[in-house]
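Enquirer: Would you be able to build a 3D model of this:
(2 chains)
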Amino acid sequence: KQEVTQIPAALSVPEGENLVLNCSFTDSAIYNLQWFRQDPGKGLTSLLLIQSSQREQTSGRLNASLDKSSGRSTLYIAASQPGDSATYLCAVSSKETSGSRLTFGEGTQLTVNP
Amino acid sequence: DGGITQSPKYLFRKEGQNVTLSCEQNLNHDAMYWYRQDPGQGLRLIYYSQIVNDFQKGDIAEGYSVSREKKESFPLTVTSAQKNPTAFYLCASSIIGTGNTGELFFGEGSRLTVL
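Expert: Residues are numbered from 1 along each chain as shown, chains lettered A, B, ... in the order given. This is a model prediction of the structure:
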């Protein structure tokens, strides 16, 4: 059964720092991996989707990479800002479930201090 | 604007009552999902539907029921059989690609509290 792990569970950094969030998954037979952002008490906002055939995706200050063979993805945030403070979740669409739904990690709670 | 609308945002229920959470989307997505989120835990799938009049159980379906009579709507009923219903409920939708889930879009969530 697919399992998704995110490390660290929480991270606090000063404004302006570049940072990396990690996501690992146990079954490399995936269709895609998605990164989401969640603000307190809100729904999830999709940040980036990487198909299994891709190595990375970029959107503004965000860059997500995917190493399917090792079961790892990273989300790189450049020049962090206080507005980036949120919980970041990754999720995979697995072939074991015919890609019919996503398996989520528990998230990394990020705090960017002014 | 296109999106997913969940209502109500906050709901209080007495023990023994059934409650229904609404989820409507105007994105023309085929697939819709209900997730439950508890503090310190990841999202857990309750039910999902890939086509009208059909739905599948997720990982924690016991005590919940759904219907999919229209493409745009996927209401979730939390029944009195659900032992611990206090949680944050999230509805989502996606297109269905060639054999896999496309990008997932979420509503703003409904917080259910049992008194």
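
Enquirer: List the contacts of A:Asp39.
Expert: A:Ala86, A:Thr87 (Cβ atoms under 8 Å, 6 or more residues apart in numbering or on different chains). Heads up, the C-betas are built off the backbone N, CA and C, glycines and all.

Enquirer: ok, so what distance separates A:Thr74 from A:Val4?
Expert: Separation of A:Thr74 from A:Val4 (Cβ to Cβ, to the nearest Å) stands at 14 Å.

Enquirer: Please identify which of those two sits among more neighbours.
Expert: A:Val4 (23 against 17; other Cβ atoms under 10 Å in any protein chain shown).

Enquirer: what is in contact with A:Thr74 and A:Val4 at once?
Expert: Shared contacts of A:Thr74 and A:Val4 (Cβ under 8 Å, 6+ apart): A:Cys23.

Enquirer: which non-adjacent residue is nearest residue 8?
Expert: Going with chain A. Of all residues not flanking A:Pro8 in the chain, A:Thr108 sits nearest, at 6.1 Å (Cβ to Cβ, 6 or more residues apart in numbering or on different chains).

Enquirer: Wait, chain B was what I had in mind.
Expert: B:Ser110 (6.2 Å).

Enquirer: count of neighbours near residue 114?
Expert: Picking chain A for this. Neighbour number of A:Pro114 under other Cβ under 10 Å is 7.

Enquirer: meant chain B actually
Expert: A total of 18 residues lie near B:Val114 under the criterion other Cβ under 10 Å.

Enquirer: Only alpha carbons, please: show stretch A:16-24 as CSV.
Expert: Taking C-alpha atoms only, stretch A:16-24 is exported to CSV below (Å, rounded to 0.1, in the frame of the first residue of the first chain):
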residue,chain,number,x,y,z
GLY,A,16,14.5,35.7,2.4
GLU,A,17,15.9,32.2,3.0
ASN,A,18,15.7,29.6,0.3
LEU,A,19,14.2,26.3,1.6
VAL,A,20,13.5,22.8,0.6
LEU,A,21,10.5,20.6,1.6
ASN,A,22,10.8,16.9,1.2
CYS,A,23,8.3,14.2,0.2
SER,A,24,8.9,10.5,-0.1
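
Enquirer: which parts of stretch B:106-115 are buried?
Expert: B:Phe106, B:Gly107, B:Glu108, B:Gly109, B:Ser110, B:Leu112, B:Val114 (16 or more other Cβ atoms under 10 Å in any protein chain shown).

Enquirer: could you pull out the strands for the chain?
Expert: Reading this off chain A. Here chain A has its strands, by DSSP state E, at A:4-7, A:10-14, A:19-25, A:30-38, A:44-51, A:56-59, A:62-67, A:72-77, A:86-94, A:102-104, A:108-113.

Enquirer: oops, chain B please
Expert: Counting by DSSP E, chain B has these strands, from start to end: B:4-7, B:10-13, B:19-25, B:31-37, B:43-51, B:54-57, B:64-66, B:76-78, B:87-94, B:105-106, B:110-114.
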